[in-house]
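*Asks:* Need coordinates for the below:
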Amino acid sequence: PVGNGGVAESHTWVQTLYETTVTVDAPAATKAKDVTCKLTAAGVKLSFATCADVVEGSFYDKVDAAGSCWTLDRPSADRACVVLTLEKTQETWWRSVFRDAPPRDLIDCQQVDSTKKMDEYDDETQGAIRKIMFDQRQKQKGLPSSDELKMNKLLDEAKDLPNSPFRDQDSSFFNAPTP
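*Replies:* This next block holds a predicted model:
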């Protein structure tokens with residue numbers, strides 16, 4: 001789905017793992033004072049001075065109401081829209097904005113582009129990913145993995161210790177290919 005969201009009868013939406021952005025068309029002459037938006041952790045009720053209950057429903061999952069907001073946007077002189085920015089409480093993909101959405105408004109979350117940029121992960125996860133990538137490149141080249149390199153370094157250091165059983169041994173025998 002485009003933007004990992006969809007198009008419903010009353011709104012369009014896009015999402016990331018962290019937030020969902022909902023766009024609702026408004027009459028062109030709409031001013032911010034004409035918008036009534038009650039946004040809670042469980043749902044939203046949006047209306048305009050000229051139209052009651054434009055969008056109302058329970059969200060697919062809970063949102064952080066304090067971190068969520070709405071704005072009135074004017075993409076052109078003859079168009080206005082209300083943009084709801086909903087901060088998710090869980091990193092998850094929504095099938096729709098609203099829990100009771102009709103089947104035609106649901107998206108297949110398996111089709112969502114769930115790639116993340118490396119800098120979106122915490123430091124520990126980034127380190128683990130880099131290690132896996134390094135080990136894969138080493139394996140493709142027929143070279144030792146990071147763990148094997150670490151072990152060889154320890155054995156080389158142990159060879160130089162007094163009374164070491166590894167003193168006259170070549171640590172390369174630990175680099176034998178694994179089946």
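*Asks:* Just the buried residues of the helix ranked longest in the chain, please?
*Replies:* The residue-count maximum for a helix in the chain (DSSP state H) belongs to helix 123-141. If you call a residue buried by 16 or more other C-beta atoms under 10 Å, then helix 123-141 has these buried ones: residue 135. (C-beta placed from N, C-alpha, C; glycine too.)
*Asks:* average pLDDT across it?
*Replies:* What helix 123-141 shows for mean pLDDT is 88.
*Asks:* and whatever helix or strand comes next after that helix, what's its mean pLDDT?
*Replies:* As assigned by DSSP states H and E, the chain's next helix or strand after helix 123-141 is helix 146-159. On average, the pLDDT along helix 146-159 is 87.
*Asks:* before we move on, the earlier item: what sits up against the longest helix of the chain?
*Replies:* 118, 119, 121, 144, 145, 146, 147 (C-beta atoms under 8 Å, 6 or more residues apart in numbering).
*Asks:* The first one: neighbour count?
*Replies:* Spelled out, that is residue 118. 10 (other C-beta atoms under 10 Å).
*Asks:* swap in the second one?
*Replies:* Summarising burial for residue 119: neighbours were counted as other C-beta under 10 Å, giving 6.
*Asks:* what's the answer for the fifth one, then?
*Replies:* Neighbouring residues of residue 145 were enumerated by other C-beta under 10 Å; the total is 18.
*Asks:* In contact with it, which residues are there?
*Replies:* Counted by C-beta under 8 Å, 6+ apart, residue 145 has contacts 135, 138, 139.
*Asks:* one more time with 6 Å
*Replies:* 135, 138 (C-beta atoms under 6 Å, 6 or more residues apart in numbering).
*Asks:* Check residue 112 too.
*Replies:* Counting by C-beta under 6 Å, 6+ apart, residue 112 touches 4, 93.
*Asks:* sorry, back to before: okay if I get the contacts of helix 123-141 as a markdown table plus distance to residue 85?
*Replies:* Listed next are those as a markdown table, based on distance: C-beta to C-beta, whole Å:
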| residue | distance to residue 85 |
| --- | --- |
| 118 | 25 |
| 119 | 22 |
| 121 | 23 |
| 144 | 49 |
| 145 | 44 |
| 146 | 42 |
| 147 | 44 |
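*Asks:* Tell me where the model's unsure across the chain.
*Replies:* Scanning the chain for pLDDT under 70 picks out 1, 166-179.
*Asks:* related to what we said a few turns ago, tell me the one among the contacts of helix 123-141 nearest to residue 59.
*Replies:* For the contacts of helix 123-141, the minimum distance to residue 59 (C-beta to C-beta) is 26.4 Å, reached by residue 121.
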